[in-house]
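K.L.:
A predicted structure for the sequence below; I have some questions about it.
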Amino acid sequence: MDMAKVDLFFKRFHRLIIMIEKEFTCPYCWENQSRLFDPSIQNQNFIEDCEVCCNPIEFNLVTNGLDVIDLSVNLIGQ
Ligand SMILES: [Zn+2]
């Protein structure tokens with residue numbers, strides 16, 4: 001393995017280990033779930049469908065760059 005490949009491998013691995021797993025409860029079906037979040041972006045707001053009931057959940061995420069400090073989930077349109 002040459003150095004460029006080693007470096008690329010390290011970057012991918014490093015990126016994997018800094019993902020933070022957090023649990024949340026779907027506001028539609030109340031199913032407890034967990035998801036990996038990227039803490040490198042400090043304020044995140046995105047919509048993703050629930051894996052159980054497929055309704056769109058709005059995620060509001062606050063991080064300190066290394067860990068998730070606040071996570072809230074909301075129903076869309078409320
Ligand atoms: Zn759901």
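P.N.:
Ah, there it is. Numbers count the residues shown, from 1 in each chain.
K.L.:
ranges for the strands of the protein?
P.N.:
Taking DSSP state E as the test, the strands found in the chain are 20-25, 32-37, 43-49, 56-63, 68-75.
K.L.:
Of those strands, flag the one that's most buried.
P.N.:
Taking mean count of other CB atoms under 10 Å as the contact definition, the stretch among the strands of the chain with the greatest mean neighbour count is strand 56-63, which reaches a mean of 17. Bear in mind the C-beta positions are built from the backbone N, C-alpha and C, glycine included.
K.L.:
sorry, back to before: JSON lines please, covering the strands of the chain and showing mean pLDDT and distance to residue 5.
P.N.:
Compiled in JSON lines, these are given as follows (pLDDT from 0 to 100; distance: least, CB to CB, whole Å):
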{"stretch": "strand 20-25", "mean pLDDT": "95", "distance to residue 5": "27"}
{"stretch": "strand 32-37", "mean pLDDT": "95", "distance to residue 5": "25"}
{"stretch": "strand 43-49", "mean pLDDT": "96", "distance to residue 5": "31"}
{"stretch": "strand 56-63", "mean pLDDT": "97", "distance to residue 5": "30"}
{"stretch": "strand 68-75", "mean pLDDT": "96", "distance to residue 5": "32"}
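K.L.:
need these in CSV with distance to the ion, can you?
P.N.:
Putting these into CSV (distance: least, CB to the ion, whole Å) gives the following:
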stretch, distance to the ion
strand 20-25, 9
strand 32-37, 8
strand 43-49, 8
strand 56-63, 7
strand 68-75, 10
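K.L.:
Of all the ones you listed, which one is nearest residue 4?
P.N.:
Distances from residue 4 to each of the strands of the chain were compared using CB to CB; the minimum, 27.2 Å, belongs to strand 32-37.
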